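Visitor: the sequence and its predicted three-dimensional model are supplied below.
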Amino acid sequence: RASGAKISDVAKGSDATTATSLNVALIDGKTAARRGKVGDITAYRRRSSMAARPQTRKRSRLTLCVGLAVGLALFFYLMSGSPTDIVDERAPDYGKAGWRYLTIVDAGSSGCRAHVFRWRPAPHGVDVDPRHPNLKVKPGLSTFESHPSDAGASLKPMLDFVLNEIPEDQWSSSPILLKATAGLRMVAEGPREQILESVRDALAASPLKFDDRKKGAKVIAGTDEGGYGWMSVNYLLGNLHGDAQPSDFVGVVEMGGASAQVTQIASKQVPEGYGFSFDMGSKKYKLYTHSYLGYGLEQAREKLSSELATNKQSVEDPCLNDGFKRPEPRNDVYDGHATLPVNGKGDASACRKAIESALFSLRGSCAYQSCSFDPNVYQPSDLASGRLLAFENFYYTGQMLGVPRPDASPRDFGTAATEACSMSWSALQASDIPRDGSGKEETNKLCFSATYLDLFLEKGVGVAPASTVKVMQQVGEHGIDWSLGAAISEASSLRAKEA
């Protein structure tokens, strides 16, 4: 599920104030009071040290020396180029009695990230603490397609990390579950199952609870990914405590690298294959959700590149800036076609038309009462009229181009696309873009990304050009990630079994 637009990056701390004020705009006082039950956390931060602990004012010389040595060791470890990415966002009371542990491994296309959650029973079902340490190991499992037996061994640093975060006396009672998304979903069935078997062997050999090989490590359906994302957002908004009204719930549009998910509370019965349901205490929730495989930002760019190259010896790419020439080899999918010579044209209008033709020009009669841009895909007619929150690549692309937030319209992304596409390649390199402090290596994707996101909201979801959605990567100080929803689902199942 990794994206080309900094999907592995977490929201910057400076957005906490904006996100907190947005929370007030999204929910009324009653909901805000419910959300307060979750608690506050520190903002996400990458490559952090372990959570700070109280320090005494007087330290012996020996303590200072030991502390310095440990600090230097940690610094050199983190800067050594190890294929890991640590995020520590634990609360000050992390590890106190009363909490149980549950690890969700998000196996995306660029790597596997282990999220070590705490959970406990609650009157409304379960409480899952959004504050948690997590670590990502690279590469993604899909890269083991030609040598699947090596996949399990790649998880050793991750497993060592998880064991270090859970008290040893709770290892055997703390489940670990690996859920792979679109990256592995796109690998052929044979090698995919071999990769999973290698992973299952590694997890089963650990002292953690892993007692169901098939359910414990699997490729999840796109509907699960969409449902978990919706659960995460609405849990952080305080909407899953059993007393929320239908108007409190927020629909979610998630733009990943390989797929895009659209999810909202179901107002009526949905066709088979478009539903996701879960229980939270005595309350049952039913959702509409659909995952557009191949419509994530990276895969959409690949499809466009293929369409532009049809019957061509070289490619004139309108979604790359004038003066751009593809390097050999290309740096990433946003450099255009993988093998043919590519020259940028930098034409916003032509870029939009090319994307519409390649990705949003499906023809045919609607197979349901209402459909999306794909006549074979059901989509509720009221989807665009509800409150929507768009995250991941919507947020990261918007940040890089200065798209207004938290309220942004398809037209806002289109305006940003026009600005990005109209610059020559040299002028773009000399400009203040990206405006979020990202490196210039991100600039090859911006003309395409902003145009595509504009079209996905307008053509894919049905949002009117001037209507706004919430574009954000945090709710308050809590980062949005589907792994939280997965943890809520698994913790609820554990509690139900104990009842």
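Guide: Happy to help now that I have it. It should be emphasised that the depicted structure is a prediction, and the values quoted were computed from it without experimental measurement. Numbers count the residues shown, from 1 in each chain.
Visitor: strands of the stretch 201-350 of the chain, start to end?
Guide: Secondary structure of the stretch 201-350 of the chain (DSSP state E, counting those that start in this stretch): strands at 217-219, 251-255, 259-265, 275-280, 283-293, 315-317, 342-344.
Visitor: which one of those lies closest to residue 457?
Guide: Residue 457 lies closest to strand 251-255 among those, at 7.4 Å (Cβ to Cβ). C-beta coordinates here come from the backbone N, C-alpha and C atoms, glycine included.
Visitor: list of residues touching that closest one?
Guide: 3, 225-226, 229-230, 233, 260-265, 296-297, 383, 386-394, 453, 456-457, 461, 469, 482 (Cβ atoms under 8 Å, 6 or more residues apart in numbering).
Visitor: buried subset of those residues as a ChimeraX selection?
Guide: Selection of buried members from these for ChimeraX, criterion 16 or more other Cβ atoms under 10 Å:
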select :3,225,226,229,230,233,260,261,262,263,264,265,296,297,383,388,389,390,391,392,393,394,453,456,457,461,469,482
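Visitor: rewinding a little: between the strands of the stretch 201-350 of the chain, which gets nearest to residue 328?
Guide: Proximity to residue 328 (Cβ to Cβ) singles out strand 342-344 among the strands of the stretch 201-350 of the chain, at 10.2 Å.
Visitor: report the buried residues of that closest one.
Guide: 342, 344.
Visitor: quick check, residue 300 in contact with residue 293.
Guide: No. In this structure residue 300 lies outside contact range of residue 293 using Cβ atoms under 8 Å: 11.0 Å.
Visitor: and stretch 269-277, how far out from the chain middle?
Guide: Its chain's C-alpha centre and that of stretch 269-277 lie 22 Å apart, by Cα atoms, centre = their mean, to the nearest Å.
Visitor: going forward, count from 103.
Guide: Renumbered: residue one is now 103, and that last one reads stretch 371-379.
Visitor: ok, residue 265 - contacts?
Guide: Taking Cβ under 8 Å, 6+ apart as the test, what residue 265 contacts is 273, 308, 309, 310.
Visitor: mind checking which of those land in helices?
Guide: Taking DSSP state H, every one of the contacts of residue 265 sits outside helices.
Visitor: just among those, which is most surrounded?
Guide: Among the contacts of residue 265, the one with the most neighbours (other Cβ atoms under 10 Å) is residue 310, at 22 neighbours.
Visitor: residues touching that one, list them.
Guide: 205, 261, 264, 265, 268, 273, 274, 276, 277, 278.
Visitor: for the fifth one, which non-adjacent residue is closest in space?
Guide: Spelled out, that is residue 268. Nearest residue to residue 268, sequence neighbours excluded (Cβ to Cβ, 6 or more residues apart in numbering): residue 203, at 4.7 Å.
Visitor: beta partners for that neighbour?
Guide: residue 220 (DSSP bridges).
Visitor: surely it and residue 218 touch.
Guide: Yes. Contact criterion Cβ under 8 Å: residue 203 and residue 218 qualify, at 6.5 Å.
Visitor: any residues in contact with both of the two?
Guide: Joint contacts of residue 203 and residue 218 (Cβ under 8 Å, 6+ apart) are 267, 268.
Visitor: residues of stretch 208-228 that come out buried?
Guide: Buried residues in stretch 208-228 (16+ other Cβ under 10 Å): 208-221, 223, 226-228.
Visitor: let's see which of those residues end up in strands.
Guide: Within these, residues falling in strands by DSSP state E are 208-209, 214-221, 223, 227-228.
Visitor: pLDDT and distance to residue 444 for these - can I get that in JSON lines?
Guide: Below are those laid out as JSON lines (pLDDT from 0 to 100; distance: Cβ to Cβ, whole Å):
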{"residue": "208", "pLDDT": "97", "distance to residue 444": "33"}
{"residue": "209", "pLDDT": "95", "distance to residue 444": "32"}
{"residue": "214", "pLDDT": "96", "distance to residue 444": "32"}
{"residue": "215", "pLDDT": "96", "distance to residue 444": "32"}
{"residue": "216", "pLDDT": "98", "distance to residue 444": "38"}
{"residue": "217", "pLDDT": "98", "distance to residue 444": "38"}
{"residue": "218", "pLDDT": "98", "distance to residue 444": "43"}
{"residue": "219", "pLDDT": "98", "distance to residue 444": "44"}
{"residue": "220", "pLDDT": "97", "distance to residue 444": "49"}
{"residue": "221", "pLDDT": "97", "distance to residue 444": "49"}
{"residue": "223", "pLDDT": "93", "distance to residue 444": "56"}
{"residue": "227", "pLDDT": "92", "distance to residue 444": "52"}
{"residue": "228", "pLDDT": "94", "distance to residue 444": "51"}
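Visitor: with distance to residue 374 added, can I get these in CSV?
Guide: Shown next, in CSV, are those (distance: Cβ to Cβ, whole Å):
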residue, distance to residue 374
208, 27
209, 27
214, 31
215, 32
216, 33
217, 31
218, 35
219, 31
220, 36
221, 31
223, 33
227, 27
228, 28
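Visitor: between these, which is closest to residue 501?
Guide: For these, the residue nearest residue 501 by Cβ to Cβ is residue 215; the value is 20.8 Å.
Visitor: can you give me phi and psi for the closest residue to the closest one other than its chain neighbours?
Guide: Closest residue to residue 215 apart from its sequence neighbours, by Cβ to Cβ, 6+ apart: residue 238 at 4.0 Å. Backbone torsions for residue 238, taken as degrees, to the nearest 10, come to phi -110, psi 130.
Visitor: who does residue 238 bridge with?
Guide: Under DSSP bridges, the residues paired with residue 238 across the bridge are residue 187, residue 215.
Visitor: how many other residues sit next to it?
Guide: Number of residues near residue 238 (other Cβ under 10 Å) recorded here: 25.
Visitor: what do you get for the one 10 residues further on?
Guide: Burial of residue 248, expressed as a neighbour count using other Cβ under 10 Å, amounts to 7.
Visitor: so who does residue 283 touch?
Guide: 103, 208, 209, 210, 211, 321, 322, 327, 358, 360, 361.
Visitor: circling back: closest to residue 344 out of the strands of the stretch 303-452 of the chain?
Guide: strand 385-395 (4.8 Å).
Visitor: quick one: residues contacting residue 288.
Guide: Listed by Cβ under 8 Å, 6+ apart, the contact set of residue 288 reads 244, 360, 395.
Visitor: mind listing what the second one touches?
Guide: Neighbouring residues of residue 360 by Cβ under 8 Å, 6+ apart: 103, 211, 283, 284, 285, 287, 288, 395, 396, 398, 400, 401.
Visitor: which secondary structure element of the chain has the lowest mean pLDDT?
Guide: helix 131-137 (a mean of 36; mean pLDDT, DSSP states H and E).
Visitor: so what's residue 495 closest to, chain neighbours aside?
Guide: residue 357 (4.0 Å).
Visitor: so which of the strands of the stretch 303-452 of the chain is nearest residue 340?
Guide: strand 377-382 (12.3 Å).
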